[in-house]
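> Okay, sequence plus prediction incoming.
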2 protein chains.
Amino acid sequence: MITSPNLELSPEAMQRMGESYLRAIVDHLTNLPQSPRSNLDNAAEIARALREPAPQSGTPVDELLQFLMQRVIPHSINSAHPAYLGYIPGGGLFPSAVAEFLAAAVNRYVGVWYAAPAAARLETNALEWFAEFMGYPAGTRGIFTSGGSLANFSAVIAARKHILNENISAGTIYLSDQTHHCVMKAAMLAGIPERNIRVLKSDEYFRAVPEFFELAIKADLKNGLRPFMIVGNAGTTNTGAIDPLRELAELSEKYSLWYHIDGAYGGFFNLCEEGKRKLLGVERSDSIVLDPHKGLFVPYGCGSLLVKDGERLRRSHVLKADYLQDQFTPEDETNFSEYSPELTRPFRGLQVWLPLKMFGVPAFRENLAEKLRLTEWMYERFLAEPGFECLSVPELSVITFRYRPLRGDIAAFNRRLQAFIMKSGKLFLSSTILKGQFAIRVCILSFRTHQTEVEEAFEVIKWAKEEVEKTD
Amino acid sequence: MITSPNLELSPEAMQRMGESYLRAIVDHLTNLPQSPRSNLDNAAEIARALREPAPQSGTPVDELLQFLMQRVIPHSINSAHPAYLGYIPGGGLFPSAVAEFLAAAVNRYVGVWYAAPAAARLETNALEWFAEFMGYPAGTRGIFTSGGSLANFSAVIAARKHILNENISAGTIYLSDQTHHCVMKAAMLAGIPERNIRVLKSDEYFRAVPEFFELAIKADLKNGLRPFMIVGNAGTTNTGAIDPLRELAELSEKYSLWYHIDGAYGGFFNLCEEGKRKLLGVERSDSIVLDPHKGLFVPYGCGSLLVKDGERLRRSHVLKADYLQDQFTPEDETNFSEYSPELTRPFRGLQVWLPLKMFGVPAFRENLAEKLRLTEWMYERFLAEPGFECLSVPELSVITFRYRPLRGDIAAFNRRLQAFIMKSGKLFLSSTILKGQFAIRVCILSFRTHQTEVEEAFEVIKWAKEEVEKTD
């Protein structure tokens, strides 16, 4: 008899393990508001202490749980916290985490329609809802990705195939200096020469300037290059600025270019009326990236791409193989691996589908509208507060600010201010550089962030400013 | 007061939801052996019936669970089943599913070291263990990916940057006709012209022929092209064939090419002595892809890439941005987003780390050795069984076979045989084309597949053959 150690747990052991991990998760989330916003003290030493050789024997499952909850998870930026206002927060909905559990446990193969047709249909439903949210027509096809980076990458691939085909090295791409660096990275991964990426100066409101785009396009055409793609932002990571989406659409049409919008951060604001007004023209793009792990609050690891003419996405990603010969897909369904760089991949759409079904779309719409209003509220506080100034006018849910100390270097003071805030464990904010100036950023997007948290955050910032001033 | 609907569940509601989903999962896995191996009847109609507009109101969470377990999950190929021997199985370890739950619930940001240093260290540990498994030295760096496709893609990007830099269109790549199509897709995504991909005939054992590689390299050099990458298989998806890894290493050294091995399916067999003997030379590659969702049995959505000179992987994927200015990484730790196309992405290493710690490496080693022995056992049965013939000699855990009916078309008979087996719900096998011949494939790799399942599978195949013969 050929045998080996059993890696299948008994039903009782599964139940026990599931229960103890569930309890730890519920405790963790229940205590979230009281937990530190970040804990990066001695991070390098703590990480180093976790090094160990490959385990030659097993460890009890509850010991591992304790290890994770005490020695691993706490030593981090607490990106799930209601007062996490750094980078782009989302929170991480509990039902999505449950969906991940279920998806991994049943282990269905959703990258190929034929292998899990009903599961693939749920993902397709969610993507069709996204198309509707954005005013995209029937015929749109989309994919779920691990995040915005790979979603933007597939957009570049679709544009490249459609316009350049194999004439890749002549292709030029146009984007503002406020565009997320993953778009430039996507272009470089796709083989577009770095010298052909036109990073164009944004205006005083950090928005793309269509005139600069057009000048660059004309110059490139004159030099025998092949302009193929314009990228608009809705909105930018730095300040939440929304590019002039309609003007960029017209420019793309005039020169027959692919018009892509990076809406990873801001696209889902189109769900609410306030956002829709700001995002006018978004529906005129050829493709758009939307990150559910931002605007739909699901855990990290879920981006998406929509392409208006779905066939263009397919043509740029499809390749056949003998060992897949059994597979077929009906015309009105989607075989995702033909639209994506991925073949095997997780059933990641479930973490979007489940909370949308559970809460309904209006709950998300109202949460997004709330974030816009909270941002306005806080922005007005900053304007009214002596010594503080904002470095951008918020269009969506990002505020950038700094304090002008009575004396000394402004940037140095604000670096100390940001570090002090982080060290306090009361609030997490990240920073950036705007037109050469150091700025502290506030981004209000977690579903856990409500008026109380925003008011507290503002008080923490004022308090921290006073504390830092004292030590000056 | 600015408010919105609360998307945070109460502790009681979280506990309740978690418990009911956990119970359903444990039931599902407990009943797995009795459930159908596949259920694709009326798949198109069933998928179509699931279409629905975006939900305008919520649905109770247990109703959604019932819907998923009854109307979605069962209509699929049951890729978690012990008798799923199609494509490349893995099974999907329960502890990994729990890890996914925990990772999503705590929602840490592991793509950037600075944001979750301890969690990033756990991923680094697991990748360092992989390096040790493969005989790779210190200095190796790796990434977890969603699967083999994107892992192979990053290997091409690293090779492209290292050897071609921006001279992409002259680059040529060499691989056998048995190489997984995702490698060719990866090259095309990376901007390598399709005309520069040399797909070279394999030998009678479906292995790469170094002489053909060298002839092609010489011809390309003569034509002013720039050979940059050789891809070896360990082993192939079609038959599990292992390319002559040492000869390919020598060829790569002779012409200073990047030597990549696609070990997505077979690389982890290097853990056991029997596998190690077959994979001699694997350690001489510059990079290797390993899929934990195959050889380590974790759920779908986990591939990995190791690059021996880690700095080459970093240089090909790094790009900086102002809004990331707060971040730093100590020299001896890994900031994954600098090594990967991804920035935000899931904490996917936890689903590998947890079962390795829980069971220890020897349990995996013995499971892999068992699969090799089970394959030999079944192969001998096929050789001894009148009318059956194998179309390849198994080196790892893939068997390809067909039945030679007394009269009529061989391929047509075997297509009917495969369809009959699938329809029976007793066993799942996929098929392929080998040297123009239709072949049925058996791949033994799920941790749930033991001697009983393999014996049963063989009986099902014999029974099905007789049934199909009757209807002839």
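Cool, got the structure.
> CA only for contacts and neighbour counts going forward, please
OK.
> so what are the domain limits for chain A?
With domains defined by automatic domain parsing, chain A comprises A:100-359, A:362-470.
> Please state the offset of the helix of greatest length in chain A from the chain centre?
The longest helix of chain A (DSSP state H) is helix A:361-384. With CA atoms, centre = their mean, to the nearest Å as the basis, helix A:361-384 stands 19 Å off its chain's centre.
> cool, and stretch A:352-366?
The chain centre lies 18 Å from the centre of stretch A:352-366; the measure is CA atoms, centre = their mean.
> and what of stretch A:210-224?
Its chain's C-alpha centre and that of stretch A:210-224 lie 31 Å apart, by CA atoms, centre = their mean.
> ok, and the closest non-adjacent residue to the closest residue to chain B within the stretch 101-250 of chain A?
Shortest the stretch 101-250 of chain A-to-chain B distance, computed as CA to the nearest CA: residue-wise this is A:Ala116, at 4.2 Å. Excluding its sequence neighbours, the residue lying closest to A:Ala116 (CA to CA, 6 or more residues apart in numbering or on different chains) is B:Ser76, at 4.2 Å.
> Quick check on the one you found: phi, psi?
phi -170, psi 170 (degrees, to the nearest 10).
> so who does it touch?
Going by CA atoms under 8 Å, 6 or more residues apart in numbering or on different chains, B:Ser76 touches A:Arg108, A:Tyr114, A:Ala115, A:Ala116, A:Pro117, A:Ala118, B:Ser38, B:Asn39, B:Leu40.
> hmm, the helix or strand hosting A:Lys294 in reach of chain B?
Per DSSP states H and E: A:Lys294 is located in helix A:292-295. No - Helix A:292-295 stays clear of chain B (CA under 8 Å from any CA of the partner chain), getting no nearer than 9.0 Å.
> what about the helices in the stretch 151-300 of chain A?
When assigned using DSSP state H, counting those that start in this stretch, the helices of the stretch 151-300 of chain A occupy the ranges A:181-189, A:210-222, A:245-254, A:273-278, A:292-295.
> how about a markdown table for these, with mean neighbour count added?
As requested, those are arranged in a markdown table below (neighbours: other CA atoms under 10 Å in any protein chain shown):
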| stretch | mean neighbour count |
| --- | --- |
| helix A:181-189 | 23 |
| helix A:210-222 | 16 |
| helix A:245-254 | 19 |
| helix A:273-278 | 16 |
| helix A:292-295 | 29 |
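> Out of these, which gets nearest to B:Val393?
B:Val393 sits nearest to helix A:181-189 of all the helices of the stretch 151-300 of chain A, at 38.7 Å, using CA to CA.
> so what does the closest one touch, helix or strand wise?
helix A:148-159 (3 or more CA pairs under 8 Å, 6 or more residues apart in numbering or on different chains; DSSP states H and E).
> The helix it packs on near chain B anywhere?
Yes - Helix A:148-159 comes into contact with chain B (CA under 8 Å from any CA), by way of A:Gly148, A:Ser149, A:Leu150, A:Ile157.
> Please tabulate the residues you listed in JSON lines, including the columns pLDDT, distance to A:Thr375 and neighbour count.
JSON lines is the format used below for these (pLDDT from 0 to 100; distance: CA to CA, whole Å; neighbours: other CA atoms under 10 Å in any protein chain shown):
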{"residue": "A:Gly148", "pLDDT": "98", "distance to A:Thr375": "23", "neighbour count": "32"}
{"residue": "A:Ser149", "pLDDT": "98", "distance to A:Thr375": "26", "neighbour count": "28"}
{"residue": "A:Leu150", "pLDDT": "98", "distance to A:Thr375": "29", "neighbour count": "28"}
{"residue": "A:Ile157", "pLDDT": "98", "distance to A:Thr375": "35", "neighbour count": "29"}
